[in-house]
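Undergrad: I need the structure of the sequence given here:
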Amino acid sequence: MTFTADELAACVKLIELALAEDLGTTGDRTSLATIPAEQSGAAAFVVRTPGTIAGLPAVAEVLHAVDATLQFDVMAHDGLEYPRGAVLGTVRGSLRQILTAERTALNFLQRLSGVATLTRKYADAVAGLPVTLLDTRKTTPGWRLLEKYAVRAGGGTNHRIGLWDAILIKDNHIAGLGDPATAVRRSVELARAYPGNAGLPVEVEVDSLAQLRQVMPARPEIVLLDNMANDLLRECVRLRDAIAPGVLLEASGGVNLMTVRGIAETGIDRISVGAITHSATALDIALDYAA
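TA: Here you go, the predicted model:
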């Protein structure tokens, strides 16, 4: 897999910022001082900790931004798992420029591979069950498109990208409408009536069986079941099946690797997991000098 046009554009912007903060106005003083300008070399991107790889297109863009003459030979694929010691690719050319690009390239590759690896663990935990594993907007500012790319590489599915491409009515929206006896259903009706919202899916958050019962006649496309115990999730599934079988139910809150399969077994359709982006640990990948 590789970046979409939008993901590539986002990556290029991030690389510009990353190199600007790393090089300042003087460039790589250490490499300039110690490595002769004419010296060439090669290095390999090597996996230190097994995991699912994501971000190889970003590495290529970093190397090209530093020195368009650097040759990057990719030997792996985003979305696949690799063992310790696997070589993901090699870079050849000016050794100064390779060293200048090293940390920025690794930052992108390690971060995105960390997201993909954690997502894969969640996807494996619910394997065989008819549930969709989703990310959230709990992403690193500016990195959303790339982190959501990494989620797909790890076997997850992207939720909405931002506040513009889907309607998600949260508890504070509902609280702002006042009367709790009508607010949940009214919020869906208002969202659908707003100019420009035609065709956008409407999702609404509820935290009780009573709220779910109240909103079902409005037929939102999705209902987010917030921080519910598994027994309550099962009751919600039964209620949905009886009243509005076409409405999707999504569980969120309190989801971790120990709980995700039990949640999936309740019969809900979707599980959104903020942890796969906000709590992912960078995968240990190194750039080893070859010659």
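Undergrad: only C-alpha atoms from now on, for both contacts and neighbour counts.
TA: Noted.
Undergrad: check which residues of the longest helix anywhere in the chain are buried.
TA: Of all the elements of type helix in the chain, the one with the most residues (DSSP state H) is helix 95-125. Residues of helix 95-125 classed as buried: 95-123, 125 (neighbour count, 16 or more other Cα atoms under 10 Å).
Undergrad: mean confidence for it?
TA: If you average the pLDDT over helix 95-125, you get 98.
Undergrad: packing partners for the helix or strand following it?
TA: Going down the chain from helix 95-125, the next helix or strand is strand 132-134, by DSSP states H and E. Counting by 3 or more Cα pairs under 8 Å, 6 or more residues apart in numbering; DSSP states H and E, the packing neighbours recorded for strand 132-134 are strand 270-272.
Undergrad: helix or strand right after the strand it packs on?
TA: From strand 270-272, the next helix or strand downstream (DSSP H and E) is helix 275-278.
Undergrad: so the helix or strand following that next one versus helix 95-125, what angle?
TA: Where DSSP H and E defines the elements, the next helix or strand beyond helix 275-278 is strand 285-289. Inter-element angle recorded for strand 285-289 and helix 95-125: 150 degrees (by axes from the mean of the first three to the mean of the last three Cα atoms, to 10 degrees).
Undergrad: what ranges do the helices span in the stretch 1-150 of the chain?
TA: Secondary structure of the stretch 1-150 of the chain (DSSP state H, counting those that start in this stretch): helices located at 5-23, 29-34, 56-66, 95-125, 144-153.
Undergrad: and the fourth one, how far from the chain's centre?
TA: If you compare the mean C-alpha spot of helix 95-125 with that of the full chain, they lie 13 Å apart, counting by Cα atoms, centre = their mean, to the nearest Å.
Undergrad: repeat for stretch 182-194
TA: With Cα atoms, centre = their mean, you get 29 Å for stretch 182-194.
Undergrad: with just CA atoms, put it into PDB.
TA: The C-alpha trace of stretch 182-194 is given here as PDB (Å, rounded to 0.1, in the frame of the first residue of the first chain):
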ATOM      1  CA  THR A 182     -36.000  15.100  23.800                       C
ATOM      2  CA  ALA A 183     -32.500  16.300  23.300                       C
ATOM      3  CA  VAL A 184     -31.000  13.100  21.800                       C
ATOM      4  CA  ARG A 185     -33.600  12.600  19.100                       C
ATOM      5  CA  ARG A 186     -33.800  16.400  18.400                       C
ATOM      6  CA  SER A 187     -30.000  16.500  17.900                       C
ATOM      7  CA  VAL A 188     -30.300  14.000  15.100                       C
ATOM      8  CA  GLU A 189     -33.200  15.900  13.500                       C
ATOM      9  CA  LEU A 190     -31.300  19.200  13.700                       C
ATOM     10  CA  ALA A 191     -28.100  17.600  12.200                       C
ATOM     11  CA  ARG A 192     -30.100  16.300   9.200                       C
ATOM     12  CA  ALA A 193     -31.900  19.600   8.600                       C
ATOM     13  CA  TYR A 194     -28.700  21.700   8.600                       C
END
